[in-house]
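> Curious how this folds, go ahead:
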Amino acid sequence: MQITVKELMSGDPVSIDSRASAFEAYETMRSHRVRHLPVIGGDGRVVGVLAADDLAAKLALPPRPQRQLAEAEARAAQGWRVREVMTRSPQTLGRNASISEAAERMADARIGCLPIVDEEGHLEGVLSETDLLQALATVATERTTLS
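Residues are numbered from 1 along each chain as shown. Below you'll find the predicted structure:
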């Protein structure tokens, strides 16, 4: 039996509007303890992905959003919109894709997450590298137990 993305993805994902500020994105990542945010356009479809690494590279913000920003950092981040920093036209998958397809796509593209979308491009979930590692750990544990 093949494991599908739907079985491992994080449902009810945290996302951000493309018009939000980089400061709002950082604070959203910090408060939800995530490093990737699917970016939603005005039509409700996924138009990009914003990673904490994108904020770190463009704005010299911490690569792990764990602390409040200093006043100067917060001011600088207020001046940028998510759409200016995000990765556009991200890789996406449907919920019935296999986990092996997802892992291969993430490895080939060297990305940390895949937005999972419906047929119209609306966000249904997110599959992260952490989700894949947890699945790998489960399989490894099951194999060890069966041996």
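> now the helices for this structure?
5-8, 22-32, 52-59, 71-78, 82-85, 99-109, 129-146 (DSSP state H).
> JSON lines for those helices, including mean neighbour count?
Using the backbone N, CA and C atoms, a C-beta is placed for each residue, glycine as well. Putting those into JSON lines (neighbours: other CB atoms under 10 Å) gives the following:
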{"stretch": "helix 5-8", "mean neighbour count": "17"}
{"stretch": "helix 22-32", "mean neighbour count": "19"}
{"stretch": "helix 52-59", "mean neighbour count": "18"}
{"stretch": "helix 71-78", "mean neighbour count": "14"}
{"stretch": "helix 82-85", "mean neighbour count": "18"}
{"stretch": "helix 99-109", "mean neighbour count": "15"}
{"stretch": "helix 129-146", "mean neighbour count": "12"}
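> least reliable of these going by mean pLDDT?
Lowest mean pLDDT within those: helix 129-146, at a mean of 81.
> now what about it, what contacts it?
By CB atoms under 8 Å, 6 or more residues apart in numbering, the residues outside helix 129-146 that reach it are 3, 8-10, 99, 102-103, 106, 112-113.
> Identify the farthest-apart pair in these.
Of all pairs drawn from the contacts of helix 129-146, the greatest distance, 19.5 Å, lies between 3 and 112 (CB to CB).
> Any idea what the residue positioned nearest the centre of the chain is bridged to?
Compute the mean C-alpha point of the chain, and by CA atoms, centre = their mean the closest residue is residue 36, 3.3 Å away. Beta-bridge pairing for residue 36 (DSSP bridges): residue 51.
> again, but for the one 4 residues further on
Under DSSP bridges, the beta-bridge partners of residue 40 are residue 17, residue 46.
> neighbours around it, how many?
Neighbours of residue 40 under the rule other CB atoms under 10 Å: 22.
> Test my guess that it contacts residue 50.
No: using CB atoms under 8 Å, residue 40 is not in contact with residue 50; the gap is 10.8 Å.
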